[in-house]
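S.K.: sequence-free structure coming up:
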C-alpha cells in the first residue's frame, strides 16, 4: 500500500481531487479531496468520481502487450507506456489527425539501434 500512496503523492499536489475505486490504500491520503466509487456495490460513476479513464488506458495497454508485443522489456517499459499514453490522448480524433499527432511527436527525436540494444 505504501507504493500506491507514494505514487499518488509524487503526482498530485495536496488538495487535488482524487477519484478512485474503493481500495483501502487511498484512505491513507487525507491531504486530497478524495471520492471513491464502490465497484463492489456495482457503482462505477458518481458525479465526477469514476475510474473509467485509467481502466480504459490499462485495458488498451494490456491488449497491446498480448496482441502486438508479446513481451515488454523492463528497459523500455516507459517507452511503451509513453506510446500508449500518446495514443490514448488522441483516441477521439479521426485517423488523419492521429497520424498527424504521431508525425509531430517524431520531430527532433532519434534513437539509434545501439541505444535500443545496449
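M.R.: Nice, thanks for sending it over. On a predicted model such as this, the values are computed, not experimentally measured, just so you know. Numbers count the residues shown, from 1 in each chain.
S.K.: okay, CA-based contacts and neighbour counts for the rest of this
M.R.: OK.
S.K.: Show me the helices in the protein, by range?
M.R.: In the chain, helices defined by DSSP state H lie at 2-11, 52-64, 77-89, 95-106, 113-117, listed in chain order.
S.K.: For these, which has the smallest mean pLDDT value?
M.R.: Mean pLDDT per stretch puts helix 113-117 lowest among the helices of the chain, at a mean of 84.
S.K.: helices or strands up against that helix?
M.R.: In terms of contacts (3 or more Cα pairs under 8 Å, 6 or more residues apart in numbering; DSSP states H and E), helix 113-117 is not packed against any helix or strand.
S.K.: chain center to it: distance?
M.R.: 26 Å (Cα atoms, centre = their mean, to the nearest Å).
S.K.: Can you get me a residue count around residue 99?
M.R.: 14 (other Cα atoms under 10 Å).
S.K.: List the contacts of it.
M.R.: Listed by Cα atoms under 8 Å, 6 or more residues apart in numbering, the contact set of residue 99 is empty.
S.K.: Excluding chain neighbours, give the residue nearest to residue 37 in space.
M.R.: Closest residue to residue 37 apart from its sequence neighbours, by Cα to Cα, 6 or more residues apart in numbering: residue 21 at 5.0 Å.
S.K.: Could I get the phi/psi values of the nearest residue to residue 32 once chain neighbours are set aside?
M.R.: Nearest residue to residue 32, sequence neighbours excluded (Cα to Cα, 6+ apart): residue 15, at 4.6 Å. Main-chain torsions, residue 15, degrees, to the nearest 10: phi 90, psi -10.
S.K.: coming back round to it: for the helices of the chain, give me a markdown table that also has distance to residue 25.
M.R.: Converted to a markdown table, the helices of the chain look like this (distance: least, Cα to Cα, whole Å):
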| stretch | distance to residue 25 |
| --- | --- |
| helix 2-11 | 7 |
| helix 52-64 | 17 |
| helix 77-89 | 24 |
| helix 95-106 | 36 |
| helix 113-117 | 37 |
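S.K.: Let me know which of these is the nearest to residue 39.
M.R.: helix 52-64 (11.5 Å; Cα to Cα).
S.K.: for that closest one, packing partners?
M.R.: By 3+ Cα pairs under 8 Å, 6+ apart, helix 52-64 packs against helix 77-89.
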